[in-house]
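S.K.: task: produce atomic coordinates for the following.
(chains A and B)
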2 protein chains.
Amino acid sequence: MNTPCPLDNIRIVLSHTSHPGNIGAAARAMKTMGLHALYLINPRSFPAPEAEARAANAVDILQQAKVCSELNEALKNTILTAAITARPRDLSHDTFDARQGAMELVQLAQQQQPVALLFGPENSGLTTAEINKCQIIIHIPANPHYSSLNLASAVQIMTYELRMALTGNIPLSPAKGELADFNELELLYAHLEQLMVTSGFLDPQKPKLLMQRIRRLFARARLEKEEAQILRGILTALGKRW
Amino acid sequence: MNTPCPLDNIRIVLSHTSHPGNIGAAARAMKTMGLHALYLINPRSFPAPEAEARAANAVDILQQAKVCSELNEALKNTILTAAITARPRDLSHDTFDARQGAMELVQLAQQQQPVALLFGPENSGLTTAEINKCQIIIHIPANPHYSSLNLASAVQIMTYELRMALTGNIPLSPAKGELADFNELELLYAHLEQLMVTSGFLDPQKPKLLMQRIRRLFARARLEKEEAQILRGILTALGKRW
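M.R.: Numbers count the residues shown, from 1 in each chain, chains lettered A, B, ... in the order given. Predicted coordinates for the structure are as follows:
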């Protein structure tokens, strides 16, 4: 990377992770969204072959991961840490959902200051003491009857939202072939209408609604030049016997 | 569930999944976001202990999963299917990012019609033939230097966005006529193809590109039931002399 990216200032901190596979999967999730800074607080087993297997081509994230013996070490120099929970559970913190929280974090990270997201162990979640070291709580919206997200899945959703917060809603305008112009479309409709009449499908006494519907459906498709030509070609072929 | 939820109308379809662990993780991802309908097309190994292990408390999703031998079976009765890809790769389909695509799908699912999200195998992704049976493409924004999301992670992001689309403020688009379903569209394409061959327009030795283009242009239009019927009627009329 040549230019500094705000995502470089965002740490993913995993506290007391039990399964090394989840660490590897979290690393992969991070890299797919452009994050690199992984901090591990007292992982039960790391490094581990299972972590590397699940990391796929994100082993570089694992190799650069900082293993810490306590939370303070992982949060050093950060200006804000978000505790990630499956549901809001602490009323005295500012609480955001995943989307709003990601926007808060990216805004700070854009100022070239380190921020962190803190994820608890698989089974027990974050302790009150850990949450107390965070400035905000982010909860990931989930099914109230089963909100038990896998750890790496939670990392995936949060890193996805961070990327979305950074890149914003860039509307996709897929490059298309050249669109058929007005004349080409009118020739197509005229050709089709003429064949509909000669084949007896369209009663020329009351033609309007039917042609209107057909125009509408093709209008929605935004026909390209070539597509209009293909349709004309089909009509020419089918019309040979009329 | 007492009241019908639009998420119940959304199928997650996994094509030719290699690793049963990913199937289990996908089931868990679905359940955390409130989705239940899982379809598996020719999974390499299912049922499997690894799937159950990774599903955690979502084994009910696995037990109810429908194992299909081909895509048509999994898409039966759907009115729209989205091909999920890591990057936009097909220029003639309507293409959305994960957020916009989820809104499209939830809007349709709110009309109590089945829709589907189609995910390809871990290594190779969806085939062109599979994408051709879809009406839209959804790409999940990712790091351009490493966009290789784990399958279950992709399912997690999409189901999260579906949940967000449902619970967020969605501007509803104007009411449309009832959409043609998968079966009706396939009958239309088959009818058209048959006439194109008998009239000599289509050389059955090299039919693929032409039908693909036609499928895509009609896919963009999102044909309503009545419109599909009109087109079938026109074909029947024009075909009488062939």
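S.K.: stretch A:98-109 vs chain B: in contact?
M.R.: Yes - judged by CB under 8 Å from any CB of the partner chain, stretch A:98-109 comes into contact with chain B at A:98-99. In this view, the C-beta of every residue, glycine as well, is placed from N, C-alpha and C.
S.K.: near chain B, anything from stretch A:31-50?
M.R.: Yes - using CB under 8 Å from any CB, stretch A:31-50 reaches chain B at A:31-34.
S.K.: quick one, what contacts residue A:190?
M.R.: Listed by CB atoms under 8 Å, 6 or more residues apart in numbering or on different chains, residue A:190 has no contact partners.
S.K.: pull out the buried residues from the helix or strand of chain A with the lowest mean pLDDT.
M.R.: The weakest-scoring helix or strand in chain A, judged by mean pLDDT, DSSP states H and E, is helix A:208-221 (a mean of 83). The neighbour-count check on helix A:208-221 (16 or more other CB atoms under 10 Å in any protein chain shown) flags A:210, A:214-215, A:217-218, A:221 as buried.
S.K.: in three-state terms, label the spatially most central residue of chain A for me.
M.R.: In chain A, the residue lying closest to the centroid (CA atoms, centre = their mean) is residue A:160, at 5.0 Å. Of the three states, residue A:160 takes helix under DSSP: H, G, I helix; E, B strand; the rest coil.
S.K.: in chain A, which spans are helices?
M.R.: Listed in chain order, the helices of chain A (DSSP state H) span A:20-32, A:49-55, A:59-64, A:71-74, A:98-109, A:128-132, A:151-167, A:182-198, A:208-221, A:225-239.
S.K.: any chance of these in a markdown table, with distance to residue B:178 too?
M.R.: Listed next are the helices of chain A as a markdown table, based on distance: least, CB to CB, whole Å:
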| stretch | distance to residue B:178 |
| --- | --- |
| helix A:20-32 | 38 |
| helix A:49-55 | 44 |
| helix A:59-64 | 48 |
| helix A:71-74 | 55 |
| helix A:98-109 | 33 |
| helix A:128-132 | 50 |
| helix A:151-167 | 33 |
| helix A:182-198 | 23 |
| helix A:208-221 | 14 |
| helix A:225-239 | 25 |
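S.K.: contacts with chain B among the buried residues of helix A:208-221, please.
M.R.: Applying CB under 8 Å from any CB to those, one finds that A:210, A:214, A:217-218, A:221 fall near chain B.
S.K.: quick one: which two of the residues you listed are the most distant?
M.R.: Greatest spatial distance in those: A:210 and A:221, 17.6 Å, computed using CB to CB.
S.K.: which regions of chain A sit below the pLDDT cut-off?
M.R.: The model of chain A has pLDDT under 70 over residues A:1-3, A:87-92, A:169-176, A:208.
S.K.: can you give the domain ranges for chain A?
M.R.: Recorded structural domains for chain A (assignment: automatic domain parsing) are A:6-167, A:182-239.
S.K.: deepest-packed of these, please.
M.R.: Ranked by mean neighbour count under mean count of other CB atoms under 10 Å in any protein chain shown, the domains of chain A are led by domain A:6-167, which reaches a mean of 20.
S.K.: straight-line length of that one, end to end?
M.R.: 11 Å (CA to CA, to the nearest Å).
S.K.: with respect to chain B, which of the ones next to chain B among the buried residues of helix A:208-221 is nearest?
M.R.: residue A:221 (3.9 Å; CB to the nearest CB).
S.K.: contact partners for the closest one?
M.R.: Applying CB under 8 Å, 6+ apart to residue A:221 gives the contacts A:227, B:217-218, B:220-221.
S.K.: ok, now with 6 Å
M.R.: Residues counted as contacts of residue A:221 (CB atoms under 6 Å, 6 or more residues apart in numbering or on different chains) are B:217, B:220-221.
S.K.: what's the closest of the residues you listed to residue B:151?
M.R.: Lowest distance from residue B:151 to these (CB to CB) belongs to residue B:220, with 27.4 Å.
S.K.: list the contacts of that closest one.
M.R.: Contact analysis of residue B:220 by CB under 6 Å, 6+ apart lists A:221, B:94.
S.K.: how far away is the closest residue in space to residue A:77 that isn't next to it in sequence from residue B:181?
M.R.: Distance criterion CB to CB, 6 or more residues apart in numbering or on different chains; nearest residue to residue A:77, sequence neighbours excluded, is residue A:114 at 5.4 Å. Distance, residue A:114 to residue B:181, by CB to CB, to the nearest Å: 52 Å.
S.K.: same question for residue A:157.
M.R.: 32 Å.
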